[in-house]
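A.B. asks: Sequence and predicted structure below; questions after.
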Amino acid sequence: MIDARPVELTEKQWEAILSHPDVDDVTVGCFDDVESILRLAREQLVHIPDDDPLHCPTLADICLWDTSDADNDDLMLTVDLPGGLRLATELIKMQVFKTSNGTPGEPVVRDVLSEILTYRNRLLADLASAKTTTGDGSTTAPETARVRDAEIRIFNRAPDSDDASDMYVMEVLGVSLLVRERQGEPGDVYVHIDNESRPSTALAVEVCNAGETDYRI
């Protein structure tokens, strides 16, 4: 199961971000300025030891894309998820990230990064509501079935993606297994396994009686 909990930075995490030496000069006028704020936050909260209480790996899964042209200054935000999945917002107007007070430095960093996290949290909240978008723009809940201790969910093929089939997700014994077909060579099947709730454990995988391959998850 994908962790769809919202990201809410603690005050100590904010203090770490705002202690970056470049914060005082930050202003927002274009896409590069917004991207630099996300990069600055990553430097303070992602590129540190995993056991550091300030560590926030989720920031590494957020990407910004410059979709501007001569007539628009739009951008797009995406979030990468386990299994090779990527969620994307609709186009976002640059004006959203231009703060009204115009004060450079800490206020801009707080406002812009908070807005980025708000978009990220909305995407994950929509996913957690168990609805997928069909080709005609409507939404439908995935089919779900329970067999003993296993839960199986079937998500419709996502439009505008590399999916070539619906997506099947089974969760059992604290482990999830995702299976889908991808665009490309016929029979391009993608399988992803995640540890959802077990302590770190050994995983032995065997494909077509070719012998086991050992992993830790």
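C.D. replies: Arrived safely.
A.B. asks: Next, the contact list for the residue nearest to the spatial centre of the chain, please.
C.D. replies: Computing the C-alpha centroid of the chain and ranking residues by C-alpha atoms, centre = their mean puts residue 79 first, at 2.8 Å. Taking C-beta atoms under 8 Å, 6 or more residues apart in numbering as the criterion, residue 79 is in contact with 61, 62, 63, 86, 87, 120, 123, 124. All C-beta atoms are positioned from the backbone trio N, CA, C, and that covers glycine.
A.B. asks: Helices along this structure, start to end?
C.D. replies: The residue ranges that make up the helices of the chain, judged by DSSP state H, are 11-18, 31-45, 106-128.
A.B. asks: can you list the domains in the chain?
C.D. replies: Residue ranges for each domain of the chain read 11-128, 135-216, as given by automatic domain parsing.
A.B. asks: where among these is the average confidence lowest?
C.D. replies: Mean pLDDT is lowest for domain 135-216 out of the domains of the chain, coming in at a mean of 80.
A.B. asks: Can you say which of the helices of the chain is nearest to residue 53?
C.D. replies: Of all the helices of the chain, it is helix 11-18 that lies closest to residue 53, at 7.5 Å by C-beta to C-beta.
A.B. asks: tell me the angle that closest one makes with helix 106-128.
C.D. replies: 120 degrees (axes from the mean of the first three to the mean of the last three C-alpha atoms, to 10 degrees).
A.B. asks: can you give me the strands in the chain?
C.D. replies: With DSSP state E as the criterion, the chain has strands at 62-66, 74-81, 85-88, 92-93, 132-133, 139-140, 143-147, 150-155, 167-172, 175-181, 189-195, 202-206, 212-216.
A.B. asks: Buried residues, the second one. List them.
C.D. replies: Same thing as strand 74-81. Residues of strand 74-81 classed as buried by neighbour count (16 or more other C-beta atoms under 10 Å): 74, 75, 77, 78, 79, 81.
A.B. asks: May I ask you to confirm that the last one is in contact with residue 62?
C.D. replies: Going back to what we said before, that points to residue 81. No. With contact taken as C-beta atoms under 8 Å, residue 81 and residue 62 are classed as non-touching, separated by 11.2 Å.
A.B. asks: Report whether the expected contact of residue 125 with residue 6 is present.
C.D. replies: Yes. Under the contact definition of C-beta under 8 Å, residue 125 touches residue 6, with a separation of 7.2 Å.
A.B. asks: coming back round to it: and which of the contacts of residue 79 is nearest to residue 146?
C.D. replies: Of all the contacts of residue 79, residue 124 has the smallest distance to residue 146: 23.7 Å, by C-beta to C-beta.
A.B. asks: where does that closest one sit relative to residue 196, distance-wise?
C.D. replies: 16 Å (C-beta to C-beta, to the nearest Å).
A.B. asks: which of those two has more neighbours?
C.D. replies: When neighbours are counted by other C-beta atoms under 10 Å, residue 124 and residue 196 differ, and residue 124 comes out ahead with 19 against 16.
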